[in-house]
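# Output the structure for:
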Amino acid sequence: MCPGEEMTAMVTIADIARVCGVSKMTVSNVLNGRDSRVSASTKKRVLDAAAELNYQPSAAARSLSVARSEIISLVYYAAAEGDLGLSNPHDAMLLGEIERHVSAAGKHLMIHAATDAADTARRLRSWNVDGAVFLGVLADEVEQLRRHQDVPMVFIDAYTDGGISTVGIDDARGSYEATRLLLSAGHRAIAFAGPYAPSAGVINARYAGFARALEEAGLDADEMHVIANLTFADADAAAADIIAHPQGFTAAVVTADILAIGLIKAFARRGIRVPDDFSLVGFDDLPIAEMVTPSLTTVRQDIAEKARAAVELLTEQLDGSRDPRRIVLEPMLVERETVAAPRPRPASGDARRRSPRVHLRGADVA
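Residues are numbered from 1 along each chain as shown. Below you'll find the model as predicted:
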């Protein structure tokens, strides 16, 4: 073993070479496993010295040695400039799970709130990222990104014709099962509450499942769509539209839990009780769905598994695979307390007197 010495600053390859009396190239070859031409005794001396001096290679040096930055970009297609999606509980949970799996893989996550595909491609090139995970990208944007970017990419909840790696759930199946539940309870005037989606995507897939269930029951899905953004704040306007709609809706399939929970509160303010006067099925099964009263019947998607699968697909590409894969996770209908048989709505005055407070267990919500 070569002689040791006290060192308080960061130990470098040059320090080990000086202590052991060998070249820096020899030390580098030993530490990076390129030691076929290094004698066993020299190799042992170098490794012993590195251990005694507590040598730690820098992250930058490791990245350069394998021509990688060790940076994964998470690109979130935001509705507004600078919106990282943290106001949407589903997306916030997904971001957290992706960061956890990227970190476990020994890499670093960089988040970019995007609004333009070409600009996103330029940013990814300037950052020298190893790969990217995309969330909230429409089909036409996927094609733009494929033309402008050649790093490994995985798309979450993207509906395209193929040629890319994607992770999602069977959205159509989830809304189909939700609609079937309402039909089996006796509802025939069922709204589909969610945003307008002109191109292929998650909302269109969920609407397709909704429409199929109605058609199988001999009902027409036309005029059943109440347009509402997927936020708690938009629920009040959506509730007003549902109540005023000429179809006389008695139930709704709602494309996000956060909107469904907002509807429960908005209906309560108008004297309409869920599920006594109106039934709801949400989508996502966020933790709050079980805590709100009445607890929300909803379609569960495994957010943690979606994140894990996305990082796994990206890792496969980083390891050399170029075969695109699509992972489709199965949704699960979770029956709780927001579905009941339909009945005529009570007069507004009587209903208002009977209306309960909507609250989280342990804390009232005004």
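# C-alpha only now, for contacts and for neighbours.
OK.
# ok, which stretches of the stretch 51-200 of the chain are helices?
Under the criterion DSSP state H, counting those that start in this stretch, the stretch 51-200 of the chain contains helices at 59-65, 89-104, 117-127, 139-148, 171-184.
# middle-most residue in this protein, spatially?
Nearest residue to the geometric centre of the chain (CA atoms, centre = their mean): residue 94, 3.5 Å.
# re earlier: ok, and which of the helices of the stretch 51-200 of the chain has the densest surroundings?
helix 171-184 (a mean of 23; mean count of other CA atoms under 10 Å).
# now that helix: mean pLDDT?
The average of the pLDDT scores along helix 171-184 is 98.
# next one: stretch 150-158
The average pLDDT within stretch 150-158 is 89.
# buried residues in it?
151-158 (16 or more other CA atoms under 10 Å).
# now stretch 298-316
Within stretch 298-316, the residues that count as buried by 16+ other CA under 10 Å are 298-315.
# Out of the buried residues of stretch 150-158, which is nearest to residue 141?
Nearest to residue 141 among the buried residues of stretch 150-158, counting by CA to CA, is residue 158 at 9.9 Å.
# Filter the buried residues of stretch 150-158 down to just the ones in strands.
Of the positions in the buried residues of stretch 150-158, 153-156 sit in strands, assigned by DSSP state E.
# sorry, back to before: which two in the buried residues of stretch 150-158 are spaced the farthest apart?
151 and 157 (19.2 Å).
# Distance-wise, check residue 160 relative to residue 201.
8 Å (CA to CA, to the nearest Å).
# residues shared between the contacts of those two?
Contact criterion CA atoms under 8 Å, 6 or more residues apart in numbering; residues shared by residue 160 and residue 201: residue 139.
# show me where pLDDT drops low in this structure?
Across the chain, the ranges flagged by pLDDT under 70 are 1-9, 32-36, 57-67, 78-86, 197-200, 344-366.
# how does it divide into domains?
13-57, 71-169+304-330, 171-300+333-364 (automatic domain parsing).
# Now do the first one: distance to the chain's middle.
In terms of CA atoms, centre = their mean, to the nearest Å, the centre of domain 13-57 is set 44 Å apart from its chain centre.
# before we move on, what about the last one?
Its chain's C-alpha centre and that of domain 171-300+333-364 lie 22 Å apart, by CA atoms, centre = their mean.
# tally of neighbours for the closest residue to residue 171 other than its chain neighbours?
Excluding the flanking residues, the one nearest residue 171 by CA to CA, 6 or more residues apart in numbering is residue 206, at 5.1 Å. Residues lying near residue 206 (other CA atoms under 10 Å) number 24.
# quick one: what helix or strand has the closest residue to residue 164 other than its chain neighbours in it?
Using CA to CA, 6+ apart and skipping the chain neighbours, the partner closest in space to residue 164 is residue 324 (5.0 Å). Under the criterion DSSP states H and E, no helix or strand holds residue 324.
# For residue 324, grab the count of nearby residues.
Number of residues near residue 324 (other CA under 10 Å) recorded here: 15.
# quick one: it and residue 249, what's the gap?
Counting by CA to CA - residue 324 and residue 249 are separated by 43 Å.
# I'd like the helices of the stretch 51-200 of the chain written out as TSV, with distance to residue 338 added.
Output for the helices of the stretch 51-200 of the chain, formatted as TSV (distance: least, CA to CA, whole Å):
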stretch	distance to residue 338
helix 59-65	52
helix 89-104	20
helix 117-127	40
helix 139-148	34
helix 171-184	10
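# Out of the ones you listed, flag the one nearest residue 337.
helix 171-184 (12.5 Å).
# For the closest one, C-alpha coordinates in CSV please.
The C-alpha coordinates for helix 171-184 follow below in CSV (Å, rounded to 0.1, in the frame of the first residue of the first chain):
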residue,chain,number,x,y,z
ASP,A,171,-59.3,5.9,-20.5
ALA,A,172,-62.2,4.7,-22.6
ARG,A,173,-62.6,1.6,-20.5
GLY,A,174,-62.6,3.7,-17.3
SER,A,175,-65.4,6.1,-18.4
TYR,A,176,-67.3,3.2,-20.0
GLU,A,177,-67.4,1.4,-16.6
ALA,A,178,-68.4,4.7,-14.8
THR,A,179,-71.2,5.2,-17.2
ARG,A,180,-72.4,1.6,-16.9
LEU,A,181,-72.6,2.1,-13.1
LEU,A,182,-74.9,5.1,-13.5
LEU,A,183,-77.0,3.3,-16.1
SER,A,184,-77.3,0.3,-13.8
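# now for that helix, which elements pack on it?
Counting by 3 or more CA pairs under 8 Å, 6 or more residues apart in numbering; DSSP states H and E, the packing neighbours recorded for helix 171-184 are helix 202-216, strand 251-254, strand 279-284, strand 298-300, strand 332-334.
# So which of the buried residues of stretch 298-316 are in strands?
Reading strands off the buried residues of stretch 298-316 with DSSP E, I get 298-300.
# of those residues, closest to residue 120?
Closest to residue 120, out of all of these and judged by CA to CA, is residue 300, at 31.2 Å.
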